[in-house]
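Participant: I'd like to go over a predicted model; first the sequence, then the structure.
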Amino acid sequence: MTEESKTEKSLGRFLEQNRYRLLGYNADSSIFWYIREYGATAYVVTIADMQKKTMDPGVLMRSNDEIVKRIEPVLKKKMEILTLVLASHSEEALKMCREKTNYWYLDLQEQKMYLYEHQQIDFDNLAEKLDAWIVENGIVKSVSPGMAPVSWKAMLPFHILAVLYILCYVFLNVLGQGNPSDWVLSSAGVFGEGHWYQILSYTFIHGSFSHLLMNVFTLYVVAMFAAGMFKPWQTFFGYLWSGAVAGAFSLAQMYYKRLTYYTLGASGAVYGLMGMVLFYIMSHREKFKKIGTWQILLFMGLIIAETSLFASYTDGTNHLAHVAGFLGGYVFAFVLEVIQRSKLRLAKNRKDKETNED
């Protein structure tokens, strides 16, 4: 008996203990489907061994689509499907589970289960029970989204921001096109000329090449964490929100103290992304047991220290924008968490209601 078949059998027993029954299997491709009907929903768990020569991501996804098309009309219930992919050092399996929803990857050689943050880990409330199975079988669970490889989609907002930084710098500073004072944030520009767009535009403007380089570098360092913790739209709007908060506080200071200086640069908004990351780490500590929360916080501290050191050699650094942006990002992540937990609570209430009606 191979190690793979032992794992498949062990997972099968685990599912049966949780009131799943064998729905069917494909012997050629080594795919097994287990189902559990719960109220108006039917939960299907697929166990797939990608070490078989006849197995590849295309075969697996087509098989899942086929089983849904065949079973859903018969049961007349909403179907949700989760796939447990078994493989050994498979970049193909890792890539698929990283990019597809509800695909979890068990590396048989490393004995490690990868649960990526974008996955719906509350599937049928199975995650907690699966955790127990993982412990019993001596498998390490990797839920360190900030350190795991992320897809190009997750990194897209950061690429867009970096390109915008560079284009604005080239257009204004190198080619000399346009007037930088129209885009940086100043009390005169906003209140005197009505340029309210400056509360966001200043985050894309940089005064020197070293200023630009430092913010691009810091942006991508923060992206190592944020891209795996938040959805692309969340990081993008989190950046804009944090930049606006930093700008609003800076503008208020200019107005009430009658200051005539201007502010520019992405650092306030990037600090907002750091605030989002900090909130995520503090509210999901159980997901960072392998790496260690303190190690990540130390790394974040080094980033802040590095930017502060650079700022010490730069005249007129807007520290208020850094603090305000950081707090703005922290609050933004808090709101996202409240919304997510509210959705889960409503879903649980609906499920409980369906159970009571049955």
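Facilitator: Looks like it arrived, so ask away.
Participant: Show me where the stretch 251-358 of the chain has its helices.
Facilitator: 267-283, 293-312, 319-357 (DSSP state H, counting those that start in this stretch).
Participant: By mean pLDDT, show me the worst of those helices.
Facilitator: Sorting those by mean pLDDT places helix 293-312 lowest, at a mean of 62.
Participant: how about the strands in the chain?
Facilitator: 21-26, 31-38, 41-49, 78-87, 103-107, 112-114, 140-142, 185-186, 262-263 (DSSP state E).
Participant: Let me know which of those is tucked in deepest.
Facilitator: With neighbours defined as mean count of other Cβ atoms under 10 Å, the strands of the chain peak in mean count at strand 185-186, which reaches a mean of 26. Glycine gets a C-beta too; all of them are placed from N, C-alpha and C.
Participant: Name the strands paired with that strand and say parallel or antiparallel.
Facilitator: With DSSP bridges as the test, strand 185-186 is paired with strand 262-263 (antiparallel).
Participant: Off-centre distance for the partner strand?
Facilitator: The chain centre lies 32 Å from the centre of strand 262-263; the measure is Cα atoms, centre = their mean, to the nearest Å.
Participant: mean confidence for it?
Facilitator: Mean pLDDT, strand 262-263: 86.
Participant: Give me the residues contacting it.
Facilitator: Ser181, Val184, Leu185, Ser186, Gly189, Tyr202, Gly247, Ser250, Asn318, Ala321 (Cβ atoms under 8 Å, 6 or more residues apart in numbering).
Participant: Which of these sits closest to Met155?
Facilitator: Relative to Met155, the closest of the contacts of strand 262-263 is Tyr202; by Cβ to Cβ it sits at 24.1 Å.
Participant: Please give me every residue in contact with that closest one.
Facilitator: Applying Cβ under 8 Å, 6+ apart to Tyr202 gives the contacts Trp183, Val184, Leu185, Gly243, Gly247, Tyr262, Thr263, Leu264, Gly265.
Participant: would you turn these into JSON lines with distance to Thr101?
Facilitator: As requested, the contacts of Tyr202 are arranged in JSON lines below (distance: Cβ to Cβ, whole Å):
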{"residue": "Trp183", "distance to Thr101": "39"}
{"residue": "Val184", "distance to Thr101": "42"}
{"residue": "Leu185", "distance to Thr101": "40"}
{"residue": "Gly243", "distance to Thr101": "30"}
{"residue": "Gly247", "distance to Thr101": "36"}
{"residue": "Tyr262", "distance to Thr101": "45"}
{"residue": "Thr263", "distance to Thr101": "41"}
{"residue": "Leu264", "distance to Thr101": "39"}
{"residue": "Gly265", "distance to Thr101": "37"}
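Participant: Out of those residues, which is nearest to Leu106?
Facilitator: Gly243 (40.8 Å).
Participant: Roughly how far does Leu75 sit from Arg19?
Facilitator: 16 Å (Cβ to Cβ, to the nearest Å).
Participant: swap in Gly58?
Facilitator: The value you get for Gly58 to Arg19, if Cβ to Cβ is used, is 31 Å.
Participant: Who has more neighbours out of those two?
Facilitator: Taking other Cβ atoms under 10 Å, Gly58 and Arg19 do not tie; Arg19 has more neighbours (12 against 9).
Participant: how about the helices in the stretch 101-250 of the chain?
Facilitator: According to DSSP H, counting those that start in this stretch, the helices that the stretch 101-250 of the chain contains are 126-136, 152-169, 187, 198-201, 209-229, 232-256.
Participant: Minimum distance to Gln340: which of these has it?
Facilitator: helix 232-256 (10.3 Å).
Participant: hang on, the earlier thing: who wins for proximity to Ile31 among the helices of the stretch 101-250 of the chain?
Facilitator: Of these, nearest to Ile31 by Cβ to Cβ is helix 126-136, at 18.4 Å.
Participant: residue ranges with poor pLDDT in the stretch 151-300 of the chain?
Facilitator: For the stretch 151-300 of the chain, the stretches with pLDDT under 70 are 151, 285-300.
Participant: Now with 80, please.
Facilitator: 151-153, 178, 228, 258-261, 284-300 (pLDDT under 80).
Participant: with the contacts of Tyr202 in mind, which one is nearest to Val335?
Facilitator: Ranked by distance to Val335 (Cβ to Cβ), the contacts of Tyr202 are led by Gly243 at 16.4 Å.
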